[in-house]
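Student: Structure, please.
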Amino acid sequence: ISLLCALQMEMEAKSIQFQGVCEMRRNALTGLDWCIEPDQDLLDDVFANDVAQYCEETLVALDNLDEAFNHLATALGCNVAVLEKVWDKAELVNLTCVPYTRLTTDEMNLGIALRTEEEQRGVPVHSLPNKFVVFHRHWNGGFPFRRTLTHASILPFLFINLSQKDWAAYSELFGQP
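Tutor: Residues are numbered from 1 along each chain as shown. Sure thing, here's the model as predicted:
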């Protein structure tokens, strides 16, 4: 997964067109207003409304909520982004962006795991409930990281990038008077 994310970042850095497409999608996502609402079946339930209001107030109180949303929006390319929840006395106090260099797949290549200094093969995220926020689109069938924006953009990126280099080399050789 970390190599897929690195490829996404490199492609965005080298192609203005691809970067524009990705930024337009991210801005469309992060520009939306958000709120937390109770389950539609429990709209009249006072407790459900109080819980939703408490959750929204807790998130708004976080200093880096915008940074966290922007980090989750980076998942539009490589299909995964992870935030670590920092707790203090059973209260959410911070959200930390997990760098893509720590991401890997679990042993079955179906879930997400995080590399640590002790465990280089990775600790499955699902083994630590309530510790991480994971944005990962689940596709039907096959390897879950095969259908991403990065995979769909590799060939057009290579064609554009290599044709520009070839044209520059051709112009340099045969464009002289």
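Student: any idea how far L59 is from C78?
Tutor: Using CB to CB, to the nearest Å, C78 is found at 25 Å from L59. From N, CA and C alone the C-beta is placed, and that goes for glycine too.
Student: can you check K131 too?
Tutor: For K131, the distance to L59 (CB to CB) stands at 17 Å.
Student: Strands of the chain, start to end?
Tutor: For the chain, the strands defined by DSSP state E cover 80-88, 91-97, 103-105, 112-114, 123-124, 132-136.
Student: Make a markdown table out of those and add mean pLDDT.
Tutor: Formatted as a markdown table, these follow (pLDDT from 0 to 100):
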| stretch | mean pLDDT |
| --- | --- |
| strand 80-88 | 90 |
| strand 91-97 | 91 |
| strand 103-105 | 83 |
| strand 112-114 | 85 |
| strand 123-124 | 86 |
| strand 132-136 | 85 |
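Student: Among those, which comes closest to L149?
Tutor: Of all the strands of the chain, strand 80-88 sits nearest to L149, with 11.7 Å by CB to CB.
Student: and Q176, what does it touch?
Tutor: If a contact means CB atoms under 8 Å, 6 or more residues apart in numbering, then Q176 has no contacts.
Student: Low-confidence ranges, the chain, go.
Tutor: Residue ranges of the chain with pLDDT under 70: 43, 107-110, 138-147, 177.
Student: what distance separates the helix ranked longest in the chain from the middle of the whole chain?
Tutor: The longest helix of the chain (DSSP state H) is helix 149-174. Relative to its chain's centre, helix 149-174 lies at 27 Å (CA atoms, centre = their mean, to the nearest Å).
Student: Please point out which parts of it sit buried.
Tutor: L149, T150, H151, S153, F157 (16 or more other CB atoms under 10 Å).
Student: helices or strands up against it?
Tutor: Contacts defined by 3 or more CB pairs under 8 Å, 6 or more residues apart in numbering; DSSP states H and E place helix 149-174 against helix 2-14, helix 16-30, helix 75-78.
Student: Leaving out chain neighbours, which residue sits closest to V98?
Tutor: V82 (4.1 Å; CB to CB, 6 or more residues apart in numbering).
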